[in-house]
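Student: Quick one, what's the 3D model for this:
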Amino acid sequence: MSNAKVNKQERRDAAREQARKLREAQKRREKRNRLLIIAGVVVFIGIVAAALFTIISNANRSPLEGVDAEPAGVNASGAIQVGADGVGSVNEGAPVVDIYLDYLCTYCAQFEELNAGVLDELAANGEATVNYHPVTYIGASDFNLRGANALGEVATQSPEHFSAFNEQLFAAQGEGGATPLSDEQIAEVAREVGVPEEVIETFGEGRYNDWVAAVTEQSRRDGVGGTPTVLIDGEEFTGWQQEGALAQAVADAGA
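Tutor: Alright, predicted model coming up:
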């Protein structure tokens, strides 16, 4: 075989070998790329799954979890419960009345004027357990937050004045309600109903602000769309504007 033919064959063989190596290198790159894509997809799925888990967990988590300070007498829904023995007590077997109130709510002021005494009697006589949910649905002022925080302090430190203080926080706003009170006016209301000065001095600390925010969020999650909302054993009662209707509805529920 001539040298020319040998050289030509060698070049062909070398070209084939080079092509083979290129094909194998390409296959290795493609395999590596596929592995990198698969790894990336797995990581992405893991990140998405973790994010979804966090979102779902937070959605199912009660706003009341992790609240640093709650007033005395608070139940699982964040409400301050009142029975015959005062704040924190329960009238076993009696109907449960839940009141959702906002200190800037005109209709809440009307509700208190008509029904505050009725609620006091129902609780004191063992005819109902009354749960108070102070919320901050109305954002015109932070008075509702400051008032609810003060209510928490009274419930904890001067519980015998709880009902009177709550009622007078509305009455002090004047006819029609929805009038923001200053810190000094809140303090004056407390003095008028007999809250000790050392308790009044704690109103400005905002100790229960997180609790108020949590009660507000929990109320929204529970489907409470506005204030006042009145529930009797979990069923909404809308006839509170009529004198004697609330007491009668509670009596009917307990029959």
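
Student: isn't A123 right up against G83?
Tutor: Yes. Here A123 reaches G83: they are 5.7 Å apart, a contact under C-beta atoms under 8 Å. In this view, the C-beta of every residue, glycine as well, is placed from N, C-alpha and C.

Student: which neighbours do the two share?
Tutor: Between them, A123 and G83 share these contacting residues under C-beta atoms under 8 Å, 6 or more residues apart in numbering: N91, T129, V130.

Student: what sits against N91?
Tutor: Contacts for N91 (C-beta under 8 Å, 6+ apart) come out as G83, A84, A123, G126, E127, A128, T129.

Student: Now with 7 Å, please.
Tutor: Going by C-beta atoms under 7 Å, 6 or more residues apart in numbering, N91 touches G83, A84, G126, A128, T129.

Student: Of A123 and G83, which one has the most company?
Tutor: A123 (25 against 21; other C-beta atoms under 10 Å).

Student: State the pLDDT value of the more buried one.
Tutor: Model confidence at A123, given as pLDDT, is 98.

Student: tell me the phi and psi of it?
Tutor: phi -70, psi -50 (degrees, to the nearest 10).

Student: which residues in the protein form helices?
Tutor: 3-60, 106-124, 143-157, 162-171, 183-193, 197-200, 209-221, 245-254 (DSSP state H).

Student: same for the shortest one, what does it pack against?
Tutor: Think helix 197-200. Helix 197-200 sits against helix 143-157, helix 183-193, with contacts defined as 3 or more C-beta pairs under 7 Å, 6 or more residues apart in numbering; DSSP states H and E.

Student: Adding mean neighbour count, write the ones you listed out as JSON lines.
Tutor: Formatted as JSON lines, those follow (neighbours: other C-beta atoms under 10 Å):
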{"stretch": "helix 143-157", "mean neighbour count": "25"}
{"stretch": "helix 183-193", "mean neighbour count": "17"}
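
Student: With mean pLDDT added, can I get these in JSON lines?
Tutor: Below are those laid out as JSON lines (pLDDT from 0 to 100):
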{"stretch": "helix 143-157", "mean pLDDT": "98"}
{"stretch": "helix 183-193", "mean pLDDT": "98"}
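
Student: With respect to R12, which of the ones you listed lies nearest?
Tutor: Nearest to R12 among these is helix 143-157 (88.4 Å), distances taken as C-beta to C-beta.
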